[in-house]
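Peer 1: My questions concern the predicted model and sequence given below.
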Amino acid sequence: MPQGQVTTTPDDGLTTRQRRNRPLVIVHTGEMKGKSTAAFGLALRGWSQGWSIAVFQFVKSAKWRVGEEEAFTALGAVHAEHGTGGPVEWHKMGQGWSWSRKQGSEEDHAANAAAGWAEIRRRIEAGAHDMYVLDEFTYPLKWGWVDVDEVVEVLAARPGHQHVVITGRDAPAALVDAADLVMETTKVKHPMDAGQKGQRGIEW
């Protein structure tokens, strides 16, 4: 899209304005870091527009207090006190399924993931938020804990103006096909290749 110009104009009956403001399903996948970081950047833009933002974190440990959570919690407080930006909710789903020591059985984790998706589905069908960030949501889809076809169906039928951003490696093909925007991160170099561990302010 050179200079922001579209390459084709679909014959969908929509005006340019309607097409421009169509709500999107966005998928950030690939092996390299930056998928969640990019999603939270979109959420920050949405917050500045006064949108209601809801973050649901899968996989990452519920004990983690990542930098983005601190920042968005503060932004939610700013909105509540001054009316600037939009409201923010941040939810951790389960106890963490890959980056920390597992607690409970795989069946427990699968049940937690299913319950998390059920809550997200309820909110989407109610039009509760303007933007959802489903962080690391590709993993419960990949592991079969949440049905991919159901997710695609709910996203396709969502009412109102709701953007949904999904992050994680190995995004299922059905989700990629259904999405409006898909990016794939590719590693060229990483500090860990040279033995450097993650650091505060970069990884969390």
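Peer 2: Great, that's in hand. Residues are numbered from 1 along each chain as shown.

Peer 1: Flag the shaky bits of this protein, pLDDT-wise.
Peer 2: Low-confidence segments of the chain (pLDDT under 70): 1-4, 60-65, 94-105.

Peer 1: what do you get if the cut-off is 50, keeping everything else the same?
Peer 2: 1, 96-101 (pLDDT under 50).

Peer 1: just the strands in it please.
Peer 2: 25-30, 53-57, 88-92, 131-135, 163-167, 181-185 (DSSP state E).

Peer 1: Out of these, which is closest to R123?
Peer 2: strand 53-57 (6.7 Å; Cβ to Cβ). All C-beta atoms are positioned from the backbone trio N, CA, C, and that covers glycine.

Peer 1: Which strands and helices lie in contact with that closest one?
Peer 2: Packing partners of strand 53-57 (3 or more Cβ pairs under 8 Å, 6 or more residues apart in numbering; DSSP states H and E): helix 35-48, helix 67-82, strand 88-92, helix 106-126, strand 131-135.

Peer 1: What residues sit buried inside the third one?
Peer 2: If you call a residue buried by 16 or more other Cβ atoms under 10 Å, then strand 88-92 has these buried ones: 88-90, 92.

Peer 1: Please work out which residues outside that strand touch it.
Peer 2: 47, 52-57, 60-62, 64, 69, 72-73, 75-76, 79, 116, 119, 129 (Cβ atoms under 8 Å, 6 or more residues apart in numbering).

Peer 1: Centre of the chain to that strand, how far?
Peer 2: Taking the mean of its C-alpha atoms, strand 88-92 sits 12 Å from the chain's own mean (Cα atoms, centre = their mean, to the nearest Å).

Peer 1: which neighbours does that strand have in its sheet, and in what orientation?
Peer 2: Partners of strand 88-92 in the sheet, by DSSP bridges, are strand 53-57 (parallel).

Peer 1: chain center to the strand it pairs with, what's the gap?
Peer 2: That offset, for strand 53-57, works out to 7 Å (Cα atoms, centre = their mean).

Peer 1: can you list contacts of that strand?
Peer 2: Contacts for strand 53-57 (Cβ under 8 Å, 6+ apart): 40, 43, 46-47, 69, 72, 86-93, 116, 119-120, 123, 128-137.

Peer 1: Distance check, D11 against R19.
Peer 2: Using Cβ to Cβ, to the nearest Å, D11 is found at 11 Å from R19.

Peer 1: Neighbour count: those two, which is higher?
Peer 2: Shown here are D11 and R19; by other Cβ atoms under 10 Å, R19 has more neighbours (13 against 6).
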